[in-house]
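Chemist: Build the 3D model from these lines:
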Amino acid sequence: MESNRLEPVLDPRALARHLSNKLLIDGALVPTEPFPRLKRFVEHSIELPVAEVLVGPRTDAELRSGLSAALEAGQGVVHVLDDKGRVAVHSSRRACPGCGRGFAEPDPRMLSFNSPQGWCPQCHGTGLQLGDFAADQSGEEAQWLDAGGGAAPCGACAGARLNPVARRLRLQGRSISELTALNVDALAKFTARLRLDARGTAIAQDAMAEIRSRLQFLARVGLGYLSLDRAAPTLSGGEAQRIRLAAQLGSNLQGVCYVLDEPTIGLHPRDNAVLLRALDALAGARNTLVVVEHDEDTIRHADHIIDLGPGAGVRGGQVIATGTAAQLRSNPLSVTGRLLAAPLRHARVPRRAVTAGTPALQLTGISLHNLRALNVRIPLGRLVVITGVSGSGKSTLARDVLYARLHAALGSARNPAVPAAGQLRGVEQVTRVLEVDQTPIGRTPRSCPATYVGFWDDIRRVFAGSDEARIRGYTASRFSFNTAGGRCSECDGQGQRTIEMSFLPDVKVLCDQCGGRRFDAQTLEVHWRGRSVADLLAMNVEDAVEFFEAHPRIRRPLALLRDVGLGYLTLGQPSPTLSGGEAQRIKLVAELARLAAARPGRATAAHTLYVLDEPTVGLHMADVERLTAVLHRLVDAGNSVVMVEHNLDLCAEADWIIDMGPEAGERGGRVVAQGPPAQIAARRARSHTGAALAPFLRERAD
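Modeler: Just a heads-up that it's a prediction; the model follows:
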């Protein structure tokens, strides 16, 4: 029958004339009087047209009224039909009428990649592709990264770390992942421009005030360039410490004693002033700050100084001087005071010229992190220092690009894939590349300076040649604590035992059998010049230099350890007890010892490029002087040294400086200036390093 035919809707605007007496049935407009007969046993879609609105500024009230009526009639569901006949389904009840999928009420945990409710189910909130990740092992991400995972962003979340539902929650069109990808300065600008309606303002007022305050504190300590989603393992020690400092600035506590351990680590001289202002703000709030520091500016800025010494290790531990910087300068017993009164002069050795004909490595078109199409020339056979404000791309250039590319090109990388785009030319001029970092020289107490540098083998041979050892038939292997036969069988030569504690950290105690001496009783009965092998392990380096005066092969590396300021260490000092700076200097000594053993007194044919990242961390001004001499010796032996550094004493000793900047993060990543120190100082108008170096060179000119 004609009355049973449903007429398709061709023009949605025709609804206006029929809204009061028409329905949409199976997509067709039909009258309600008389109501058509519908087919039985067939599902039908019946929709109530509520309003037709031509969307525009003048119809805003009409649109709101129509939507309100539609949501009420549809019990939270409304269909919107556009002028092209397309239908969009919307719901106010966190459920999709189309696919039947529902969503939980928004909860703060949904927006956290540290919570199962919010993290991406594929990468568990790391933002990286991981191999054997298990949710119950969260917090141990470094193990999977070391195992080869995390080479590219997660395919499911593209590095956003959150699940799809969390990524679709928006604040003025932006997801929380997009907001946390901004750096501190950019997010501060976003929050300053943020405009909310009355309801939004009532909800966010207190939270926004707290957010803006904490962003301000991060900027005050010089971290405005950091993105908020920056992974913690990629932060330097100085950045992590300043983040904690910013948190304390925002706490508004009074009467607190803060203890800071070298807060200037990783800071450019420009940023030092920012840090000192932040420390002044903490002290001005009636707090006490106790700062362990070697930085000269911080020492001069202090209200009261406690100088320990006179030496290190067993030769230290005494309070040598107290008072202001001026009082320390007048104290003849204080090494710190002496260097404040008579700072190091530069340059200590004649500067090695760099010309167009100097052999060099050429990096072209390098793009990685904030480096964009960077071109830079690195002269070889020179002491090269890469400078720039914190976050300007120094470590990216030195470690992630230069070291990684050379490591792969020379065939020593386990994974030859290097993420940086661009080219490296001149590799054939280098035979070996070595990163001298501050990682431990070993993980067990059996690793110590004597074994790492290599002179322990010579000491064992000396003991094996003694009369007592030959009578007993002992060979050099008898005096090794790394192999069975002469070492203590109870602790396997470690000198200590580990006791596992339930629900508590493991405890290390001296071995009951050997008392920490590492060897069995029969081995300890052998003496050379009145000392047992255990006595020598307990001897410090300075004493050992004199003890082995007649043995050049042993004395030479011992003298090198003394020359870099490690004379206080014992020969058997367990590697886990060494600081990062001590471990780094021991590695440098091992290199010098290797060079001397290969061709004493002459440069080696092999050309090694050494990469160092802030080697002055943890070093006193007197130790910096010793480190400078060691670095010059490496270059004089025919090698190249490339290091990232902020210390002006080392910058002034460089043959060539590559200054990155001009600022941090996205505003960095470019070569601001390059050349010898005097040339960088002449560019002080555009170079922060030049601005700090210019007055420094005038004061310290030799």
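Chemist: Tell me the buried residues in the longest helix anywhere in the chain?
Modeler: Longest helix in the chain by number of residues (criterion: DSSP state H): helix 198-220. Neighbour counts over helix 198-220 (16 or more other Cβ atoms under 10 Å) mark Met208, Arg214, Leu215, Phe217, Leu218, Ala219, Arg220 as buried. Glycine gets a C-beta too; all of them are placed from N, C-alpha and C.
Chemist: Let me know the distance separating the fifth one from Val292.
Modeler: As judged by Cβ to Cβ, to the nearest Å, Leu218 and Val292 stand 23 Å apart.
Chemist: Same question for the third one.
Modeler: The spacing between Leu215 and Val292, counted by Cβ to Cβ, is 29 Å.
Chemist: thinking again about what came up before, give me the mean pLDDT for the helix or strand following the longest helix of the chain.
Modeler: For helix 198-220, the following helix or strand on the C-terminal side (DSSP states H and E) is helix 237-249. For helix 237-249, the mean pLDDT works out to 80.
Chemist: What is helix 237-249 packed up against?
Modeler: On a contact count with 3 or more Cβ pairs under 8 Å, 6 or more residues apart in numbering; DSSP states H and E, helix 237-249 meets helix 198-220, strand 257-261, helix 269-284.
Chemist: Let me know the angle separating it from strand 257-261.
Modeler: Using axes from the mean of the first three to the mean of the last three Cα atoms, to 10 degrees, the interaxial angle of helix 237-249 with respect to strand 257-261 works out to 170 degrees.
Chemist: can you list the residues that contact helix 237-249?
Modeler: 214, 217-218, 220-223, 226, 232, 235, 256, 258, 260-267, 275, 278, 281-282, 390, 617 (Cβ atoms under 8 Å, 6 or more residues apart in numbering).
Chemist: Pull out the buried positions in that helix.
Modeler: Buried residues in helix 237-249 (16+ other Cβ under 10 Å): Gly237, Gly238, Glu239, Gln241, Arg242, Ile243, Leu245, Ala246, Gln248, Leu249.
Chemist: what's the answer for stretch 519-536, then?
Modeler: Within stretch 519-536, the residues scored as buried using 16+ other Cβ under 10 Å are Phe519, Asp520, Thr523, Leu524, Val526, Trp528, Ser532, Val533, Ala534, Leu536.
Chemist: Which two of the residues you listed have the greatest separation?
Modeler: The span of the buried residues of stretch 519-536, defined through Cβ to Cβ, is set by Asp520 and Trp528 at 17.3 Å.
Chemist: before we move on, back to that, just the buried ones from the contacts of helix 237-249?
Modeler: Buried, going by 16+ other Cβ under 10 Å: 214, 217-218, 220-223, 226, 235, 258, 260, 262-267, 275, 278, 282, 390, 617, out of the contacts of helix 237-249.
Chemist: Tell me who's in contact with Leu402.
Modeler: Contacts of Leu402 (Cβ under 8 Å, 6+ apart): Leu361, Leu363, Ile378, Leu424, Val611, Val642.
Chemist: State the distance from it to Val433.
Modeler: For Leu402 relative to Val433 (Cβ to Cβ), the value is 8 Å.
Chemist: can you list the domains in the protein?
Modeler: Per automatic domain parsing, the domain ranges recorded for the chain read 2-91, 360-438+581-700, 449-578.
Chemist: pLDDT averaged over the longest one - what is it?
Modeler: It refers to domain 360-438+581-700. 89.
Chemist: next one: the shortest one
Modeler: For domain 2-91, the mean per-residue pLDDT is 74.
Chemist: Next up, the contacts around His380.
Modeler: Actually, residue 380 is Leu rather than His. Thr358, Pro359, Ala360, Leu361, Gly426, Gln429, Val430, His607, Leu609, Ser640.
Chemist: Could you export stretch 248-255 as PDB, CA atoms only?
Modeler: Extracted C-alpha coordinates of stretch 248-255, given in PDB (Å, rounded to 0.1, in the frame of the first residue of the first chain):
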ATOM      1  CA  GLN A 248      61.700  22.900  48.200                       C
ATOM      2  CA  LEU A 249      61.400  26.400  47.000                       C
ATOM      3  CA  GLY A 250      57.700  25.800  46.500                       C
ATOM      4  CA  SER A 251      57.200  24.200  49.900                       C
ATOM      5  CA  ASN A 252      57.400  27.600  51.800                       C
ATOM      6  CA  LEU A 253      58.900  25.800  54.800                       C
ATOM      7  CA  GLN A 254      60.800  27.600  57.500                       C
ATOM      8  CA  GLY A 255      63.400  26.500  60.100                       C
END
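Chemist: partners of Gln423 in the sheet?
Modeler: Judged by DSSP bridges, the bridge partners of Gln423 are Thr364.
Chemist: close enough to count as contact, it and Leu361?
Modeler: No: if you go by Cβ atoms under 8 Å, Gln423 and Leu361 don't touch, sitting 10.7 Å apart.
Chemist: If you count surrounding residues, which of these two has more?
Modeler: The residue with more neighbours, out of Gln423 and Leu361, is Leu361; 22 against 12, by other Cβ atoms under 10 Å.
Chemist: so where do the helices sit in the stretch 301-450 of the chain?
Modeler: 325-329, 335-341, 394-395, 404-409, 449-453 (DSSP state H, counting those that start in this stretch).
Chemist: To Phe190, which of these lies closest?
Modeler: Between the helices of the stretch 301-450 of the chain, helix 394-395 lies closest to Phe190; by Cβ to Cβ that is 27.9 Å.
Chemist: Now which of the contacts of Leu402 would you call buried?
Modeler: Leu361, Leu363, Ile378, Leu424, Val611, Val642.
Chemist: How about the fourth one: what's its closest non-neighbour residue?
Modeler: Which is Leu424. Arg405 (4.5 Å; Cβ to Cβ, 6 or more residues apart in numbering).
Chemist: export the longest helix of the chain as CSV, just CAs?
Modeler: The C-alpha coordinates for helix 198-220 follow below in CSV (Å, rounded to 0.1, in the frame of the first residue of the first chain):
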residue,chain,number,x,y,z
ALA,A,198,32.9,30.1,35.3
ARG,A,199,32.5,26.4,36.0
GLY,A,200,36.1,25.6,34.8
THR,A,201,37.5,28.5,36.8
ALA,A,202,35.8,27.2,40.0
ILE,A,203,37.3,23.7,39.4
ALA,A,204,40.8,24.7,38.3
GLN,A,205,41.5,27.9,40.4
ASP,A,206,43.5,26.3,43.2
ALA,A,207,45.2,23.7,40.9
MET,A,208,46.3,26.3,38.3
ALA,A,209,47.8,28.6,41.0
GLU,A,210,49.9,25.6,42.2
ILE,A,211,50.9,24.7,38.7
ARG,A,212,52.0,28.2,37.8
SER,A,213,53.9,28.5,41.1
ARG,A,214,55.9,25.3,40.6
LEU,A,215,56.6,26.1,37.0
GLN,A,216,58.0,29.5,38.2
PHE,A,217,60.3,27.7,40.7
LEU,A,218,61.6,25.4,38.0
ALA,A,219,62.4,28.4,35.8
ARG,A,220,64.1,30.1,38.8
